[in-house]
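S.K.: Compute the structure for the input listed below.
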Amino acid sequence: MVYADNLNAEPDTADVEAAAAALGQKILVVSPSSDEDIDEAFAKLAQARAGALMVSPDPSFLGRRAKIVALAASYAVPTLYYAREYPDSGGLMSYGANFATMFRQGGNYVGRILKGAKAADLPVVLPTKFELVINLKTARTLGLTVPQTLLVAADEVIE
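M.R.: Just a heads-up that it's a prediction; the model follows:
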């Protein structure tokens, strides 16, 4: 298991390391911050013979998703992403909060503030809607068979 991280997210990394250890797996943390670093990170993954990649939720990665998805395909690394935009762009699968729902909630907060509510008085709301998106075309290209139980659990399957 490999974890790509461009943030100082030690708690997230620790959680991933603990989960990997429980499964008897090792992880390699790579922290690309530029396009060149992303190329180097994938070269490191290939050299380490990474069996999978998990891309952390970093806005700079979303802006580089075409490059990341293309490199994951080029190196034939099954990759889990945090946003549906990746499988929509050809990535294997994503699991994460639904951005549209989060933005809608943000709009509700702006409306409440414009009507006089104090921002400090509004409760912190965590995402409540998460979605699993699987790109079957990419799975077939990688030679993977997605278990039926995972397909049934998916919110969307891209054929």
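
S.K.: what helices or strands is the lengthiest helix in the chain leaning on?
M.R.: When the chain is scanned for its longest helix (criterion: DSSP state H), the result is helix 99-114. Helix 99-114 is packed against no helix or strand, with contacts defined by 3 or more CB pairs under 8 Å, 6 or more residues apart in numbering; DSSP states H and E. In this view, the C-beta of every residue, glycine as well, is placed from N, C-alpha and C.

S.K.: between the next helix or strand after that helix and helix 99-114, how many degrees?
M.R.: Downstream of helix 99-114, the next assigned helix or strand under DSSP states H and E is strand 130-135. Going by axes from the mean of the first three to the mean of the last three CA atoms, to 10 degrees, strand 130-135 is angled at 150 degrees with respect to helix 99-114.

S.K.: outside of the longest helix of the chain, which residues touch it?
M.R.: Residues outside helix 99-114 that contact it (CB atoms under 8 Å, 6 or more residues apart in numbering): 83-84, 119, 122, 125, 127-129.

S.K.: now stretch 125-139
M.R.: 73, 84, 87-88, 90-98, 101-102, 105, 145-146, 150-151, 153-159.
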